[in-house]
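>>> How does the following fold in three dimensions:
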Amino acid sequence: MGSARRQDQARPEKAGDGKRKRASSPRSRWAAPAVGFVLALAGGSLAFTGLGGGVGCSSEDAPPASRFSAPSGDAVGPAGTAVATAAATAQGSGSAVEAQPTASASASAVVLTPDAPYDGPLLGAMAFQTPIYPEPRFSDERLGYIRQGGKVPVKDKPIKRSNCKQGWYELVEGGYVCGKYATLDLEHPRVKLGVRQPDLAAILPYQYAYNRFHGTPLYKTLPTRDEMLKYEPYLVKKEEEPKKEEATDPEQERRKGKHAPEAEGGAVPGSGDVKAEEAVAAVEKLDTGTPAPEEAAAEAAQPKPWWQQDEKDKDKKPVVTLAELEQDADGNLSKRMVKGFFIAVDKTFGWNDRLWYRTTGGLLAPTDRMWINKPPEAKGTEWPEDAKAVFFMLSDKGQKYELSKDQKSAKEKGKLARHTAVPLTGKTIEIGEETYRESTQGFWVRDKQGTITEPGARPSDVGADEKWVDVNLTKKTLVLLVGDKPVYAALISPGKRSRNKKKDHATPTGAWRIREKHVAVTMDGDGASGDLPYSIEDVPYVAYFKGSYALHGAFWHQNFGREMSHGCVNLAPNDAKFVFNWVEPRTPRGWHGVFSSSDRPGSMVVIHE
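Below is the predicted model of the structure:
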């Protein structure tokens, strides 16, 4: 990705900052139980952490650790629940922070493998990012964090300290959480109404939707019909169209909100049975009305916003920056999206004869402007014991070959799908101007149709039994090694290079240790030299190693083995998940992010030509 801001780790917005206030109404009283959002009634407000604001892939320095804090004093998580700042509590309470205990956080920590059974107590996170400290006191040093709604194994006896009157909970796998931001009561609304937890058994932790049009709005709360027409003028029919076939009764009910998710975390329409196209017909039912002639003339005289300026020339790019996407923000509009943005889907539900996505950032997007993304299926390979290298097919017309007895000619033996991993014996042969490589399965591959792994030598400061990562920018491959032994190989997409410095996104070369890992984090940034901004909510399986450069999953393209990124190392989702779970520091059960430290160093990442 590119130069960007970070919001997934930053403090969520304050409840009183620019959020519209609502009086109690039949609509608001219905909306809270129907969709599980917490609407503040009687003059309160509802705030969400918005889409965007993440770290992209650039040379900018990483944010300081203090930005990975609990929400600020009046801040709220996606469910709209107020949570106070952990750091502010420690620094502004007027009481001295007690001396740190003699026992370290890791002294009694237990490592739980993914498949290990656990039937003990769980701690539920109430803040959008619930920080985990190495000791039962507030500090800038964090071990990691839990996303709101997450549940982690915990010891059920809180440790009493004056700096956290609710007591500190010691996690089974190490670290302490202040009871102000977490609870043993898993039925607590702040836990139940948290963000859908990542599906770690699937290829991707969340389902992602692609924005198809410039200007698609992201709402803070469920919009009224009038608000939809105000913010989405394209909904107004310019001429009467033939009435389309009515949807089935169950589908009608879903669009009207009769099957919306319940406040108690009830069932929602499955993502597999909700398609964006199904909502288009519902849009036509909106009661648009007809503007008066003087209103229409006044509206026509107004300059069109960026997302409507080039309606006749669909191929012409609008000129807009990431910051300008929020320039129309007011009572209920948070921001607009550029075509190509992605949101991560938390829930799908019906409201006002329309289907909606709630994003993992807590905003609301109309599904008729989106497409659900199908992730690429490319996958690397665990390294076979007898392989000297691994070949990856890059051609769409890949072939297996069989050599003649005199090995002076080769004939096609069968097809080989793009991105297929082929273990090699190390034997090569030249026939004419072509180089052929022998596979461990007996057939041959043509060198020009793909690429091979060529890891460099192990760095001197990596131990003989230590995990490390080799990234070859020329071959566009990644190899995981333990000491000198390769264990996994995959294709990558490094940064796009250009002679134009403004568009040069080359991945840096060098050696760094992984600094932090996140199950998912938002990445966004402004394009260079006329390129449009980009924003991808909750990019999966992110491991930062230098500034804002990271290894991470890329579900939005399938061009692995080609330069594609803004500088990061893109991996197919299957490979990103494998790499994320393999490299250090290990991510304990239920944690959304983990930071390396002197006693838990990250794996070395070596990037070379």
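
>>> Would you double-check that residue 423 falls in a strand?
Yes: Residue 423 sits within a strand when classified using DSSP: H, G, I helix; E, B strand; the rest coil.

>>> Could you give the bridge partners of it?
According to DSSP bridges, the partner residues bridging residue 423 are residue 390.

>>> Next up, the contacts around it.
Residue 423 sits next to 381, 383, 384, 386, 387, 389, 390, 391, 439, 440, 441 when contact means C-beta atoms under 8 Å, 6 or more residues apart in numbering. C-beta here means a position set from N, CA and C on the backbone, and glycine is covered the same way.

>>> now those: which count as buried?
Neighbour-count burial (16 or more other C-beta atoms under 10 Å) is assigned, among the contacts of residue 423, to 381, 383, 387, 389, 390, 391, 439, 440.

>>> Using JSON lines, lay out these together with distance to residue 364.
As requested, these are exported to JSON lines (distance: C-beta to C-beta, whole Å):
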{"residue": "381", "distance to residue 364": "41"}
{"residue": "383", "distance to residue 364": "45"}
{"residue": "387", "distance to residue 364": "50"}
{"residue": "389", "distance to residue 364": "50"}
{"residue": "390", "distance to residue 364": "45"}
{"residue": "391", "distance to residue 364": "47"}
{"residue": "439", "distance to residue 364": "51"}
{"residue": "440", "distance to residue 364": "52"}
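
>>> what's the farthest-apart pair in these?
Comparing every pair within the buried ones among the contacts of residue 423 by C-beta to C-beta identifies 383 and 439 as the most remote, at 14.1 Å.

>>> got a list of what residue 491 touches?
378, 380, 392, 419, 451, 476-478, 560-561, 571-572, 575.

>>> Now it: closest residue in space that isn't a chain neighbour?
The spatial neighbour of residue 491 that comes closest, neighbours along the chain excluded (C-beta to C-beta, 6 or more residues apart in numbering), is residue 560 at 4.0 Å.

>>> ok, now residue 540?
Once its chain neighbours are removed from consideration, residue 540 has its nearest residue in residue 553; the separation is 4.0 Å (C-beta to C-beta, 6+ apart).

>>> confidence score at that neighbour?
On pLDDT, residue 553 comes in at 98.

>>> re the thing from before, out of the contacts of residue 423, which is nearest to residue 336?
Nearest to residue 336 out of the contacts of residue 423 is residue 381 (C-beta to C-beta; 42.4 Å).

>>> got the contact list for the nearest residue to that closest one once chain neighbours are set aside?
The shortest distance from residue 381 to any non-neighbouring residue, by C-beta to C-beta, 6+ apart, is to residue 421 (3.9 Å). Residue 421 makes contacts with 379, 380, 381, 390, 391, 392, 489, as judged by C-beta under 8 Å, 6+ apart.

>>> ok, now how distant is residue 165 from residue 181?
Between residue 165 and residue 181 the computed distance is 13 Å (C-beta to C-beta, to the nearest Å).

>>> Neighbour count for these two, which is higher?
Looking at residue 165 and residue 181 with other C-beta atoms under 10 Å, you find the greater number of neighbours at residue 181, namely 28 against 13.

>>> The more buried one against residue 133, yeah?
No: shown here, residue 181 and residue 133 do not form a contact pair, counting by C-beta atoms under 8 Å, at 11.0 Å.

>>> Phi and psi next, for residue 367.
Main-chain torsions, residue 367, degrees, to the nearest 10: phi -70, psi -20.

>>> Check what pLDDT it gets.
97.

>>> Ok, residue 156 next?
pLDDT for residue 156: 89.

>>> Over to the one 10 residues further on?
You'll see residue 166 listed with a pLDDT of 96.

>>> who are the neighbours in contact with it?
Contacts for residue 166 (C-beta under 8 Å, 6+ apart) come out as 158, 178, 179, 180.

>>> try residue 213
Listed by C-beta under 8 Å, 6+ apart, the contact set of residue 213 reads 307, 339, 369.

>>> Dump the residues you listed to JSON lines, plus secondary structure, neighbour count and distance to residue 398.
Below are the contacts of residue 213 laid out as JSON lines (DSSP: H, G, I helix; E, B strand; the rest coil; neighbours: other C-beta atoms under 10 Å; distance: C-beta to C-beta, whole Å):
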{"residue": "307", "secondary structure": "helix", "neighbour count": "21", "distance to residue 398": "42"}
{"residue": "339", "secondary structure": "coil", "neighbour count": "17", "distance to residue 398": "33"}
{"residue": "369", "secondary structure": "helix", "neighbour count": "23", "distance to residue 398": "37"}
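
>>> Can you give me every residue that contacts the closest residue to residue 463 other than its chain neighbours?
Computed as C-beta to C-beta, 6+ apart, the closest residue to residue 463 that is not its neighbour in sequence is residue 483, at 6.9 Å. Residue 483 sits next to 458, 462, 463, 464, 465, 466 when contact means C-beta under 8 Å, 6+ apart.

>>> Which residues does residue 171 form beta bridges with?
Note on residue 171: beta-bridge partners residue 154, judged by DSSP bridges.

>>> correct me, but it touches residue 177?
Yes: taking contact to mean C-beta under 8 Å, the distance of 6.7 Å between residue 171 and residue 177 places them in contact.

>>> Which neighbours do these two have in common?
With contacts defined as C-beta under 8 Å, 6+ apart, the residues shared by residue 171 and residue 177 are 123, 132, 154.

>>> following the host helix or strand of the second one, which helix or strand shows up next?
In this structure, residue 132 sits in strand 129-132 according to DSSP states H and E. The element immediately downstream of strand 129-132 (helix or strand, assigned by DSSP H and E) is strand 144-147.

>>> so what strands line up beside that next one?
Next to strand 144-147 in the sheet, as set by DSSP bridges, lie strand 129-132 (antiparallel), strand 593-595 (antiparallel).

>>> low-confidence ranges in the stretch 51-200 of the chain?
Applying pLDDT under 70 to the stretch 51-200 of the chain picks out residues 51-55, 58-107.

>>> could you pull out the strands for it?
If you assign secondary structure with DSSP state E, counting those that start in this stretch, the strands in the stretch 51-200 of the chain sit at 75-76, 82-83, 122-125, 129-132, 144-147, 151-153, 159-161, 164-170, 176-178, 182-183.

>>> isn't the residue nearest to residue 540 right next to residue 571, touching?
Yes: with contacts defined as C-beta under 8 Å, residue 553 counts as touching residue 571 at a distance of 5.8 Å.

>>> From residue 487, how far off is the residue of the chain most remote from its centre?
Each residue of the chain has a distance to the centre, and by C-alpha atoms, centre = their mean the biggest one is for residue 406: 53.7 Å. Relative to residue 487, residue 406 is positioned 38 Å away (criterion: C-beta to C-beta).
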